[in-house]
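Asker: 3D, please:
(one chain, ligands or ions: 1)
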Amino acid sequence: MYVVDVYKERALTTTFQIDDAILVNFVTAVAQRYHDHPFHNFRHGFSVMQTTYILLRDAALADALSAVDVLAAITSALCHDIDHPGVSNEHLIASGSALALLYNDRAVLENHHTFTMFDLLLKPQYNILANLEQDQYDECRKTMISCIMATDMKVHVSLCSRLQASAFKFFETGVFPYNTDVHSDREQMLEALVHACDLSGQTMMPTLAAQWEQRVLAEFIRQAEEEESKDLPVAPFMLGLAESRLAQVKTQIDFINYAVRPVRRLFVCLTACLCVEVSVCGVLYNTYSGNFCSGFGYI
Ligand SMILES: [Zn+2]
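Answerer: Here you go, the predicted structure:
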């Protein structure tokens with residue numbers, strides 16, 4: 001099982017004495033708690049975990065982060081959409097769903113994914129965190145919560161603004177903007193990492209990107225049809241997708257320009273700041289145009 005290999009390759013199983021059988025139980029249970037939606041299925045969770053793992057192999061990032069950080073990032077990436085119902089927060093709120101009621105209309109899905117992950121982890125047969133010291137567990141839980149909550153697109157703009165302010169600070173002072181000895185600073189880096197990896201489908205090779213595109217569009221079309229049938233509001237970017245390839249392409253271009261490009265450009269830039277000179281980072285920041293910077297070339 002590839003996921004188990006990732007935990008082993010990063011020495012998480014030995015560092016935190018994670019029992020092999022419990023790790024397999026946990027990953028199997030996570031896979032079962034994802035549903036068979038076109039996009040928000042276990043393959044998406046796996047893909048985000050895999051992308052996170054690849055970027056964490058970057059030597060500069062690896063030096064900056066602790067083993068608890070790596071454990072938290074990989075586990076939260078794997079679980080970040082667990083038990084996803086295949087519709088958006090806006091749909092859950094507009095339809096008066098039980099989940100929206102439970103979480104007071106705020107980050108409904110992200111709260112539910114985080115709860116579902118810990119609900120599994122608190123069961124002894126799935127508890128891969130059982131042998132962490134209390135302070136390690138507290139730090140790990142805090143980071144996992146932050147990483148999943150940062151996948152809410154409602155916080156995308158503020159997350160990018162923070163990253164941009166950090167990048168500018170680096171260009172002005174030449175000093176890396178995060179103190180990697182401080183947990184909250186590393187947590188901010190990991191939030192950006194998991195968020196960037198969540199949006200990585202459209203940065204993969206064209207054949208894979210096209211498949212993820214068709215999958216997310218299929219999920220949008222299904223949601224829009226349900227909303228139209230129930231007289232619920234339909235998001236503008238979901239309108240007309242079933243009838244028009246042009247509408248599909250426009251939705252994808254807007255998504256890439258609004259969501260994918262900003263966070264990846266800024267994250268690549270800050271990762272590069274860990275190991276190269278200001279002038280080089282400036283070039284990366286100004287010329288970034290796709291898959292060709294830092295670790296993103298590996299995807
Ligand atoms: Zn996701």
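Asker: Which strands or helices does the host helix or strand of Leu163 pack on?
Answerer: Using DSSP states H and E, Leu163 sits within helix 156-173. Packing contacts for helix 156-173, counted by 3 or more CB pairs under 8 Å, 6 or more residues apart in numbering; DSSP states H and E, involve helix 183-198, helix 261-273, helix 278-287. Just so you know, the C-beta spots here come from the backbone N, C-alpha and C atoms, and that holds for glycine as well.
Asker: Just the buried residues of stretch 63-80, please?
Answerer: Buried residues in stretch 63-80, counted by 16 or more other CB atoms under 10 Å: 64-66, 68-80.
Asker: And the furthest pair within these?
Answerer: Ala64 and Cys79 (23.3 Å; CB to CB).
Asker: tell me which parts of the stretch 101-250 of the chain are close to the ion?
Answerer: Within reach of the ion by CB under 5 Å from the ion, the stretch 101-250 of the chain has these residues: Asp198.
Asker: Flag the shaky bits of this protein, pLDDT-wise.
Answerer: 59, 269, 271-299 (pLDDT under 70).
Asker: immediately after the top helix by length along it, which helix or strand?
Answerer: Counting residues, the longest helix found in the chain (DSSP state H) is helix 206-229. For helix 206-229, the following helix or strand on the C-terminal side (DSSP H and E) is helix 245-255.
Asker: Can you spell out which helices and strands pack onto that next one?
Answerer: For helix 245-255, the elements it packs on are helix 206-229, judged by 3+ CB pairs under 8 Å, 6+ apart.
Asker: ok, and what's touching the helix it packs on?
Answerer: For helix 206-229, the surrounding residues in contact (CB atoms under 8 Å, 6 or more residues apart in numbering) are 37-40, 86-88, 91, 94, 201-204, 232-235, 237-239, 241-242, 248, 251-252.
Asker: ditto for stretch 244-253
Answerer: By CB under 8 Å, 6+ apart, the residues outside stretch 244-253 that reach it are 202, 213, 217, 220, 237-241.
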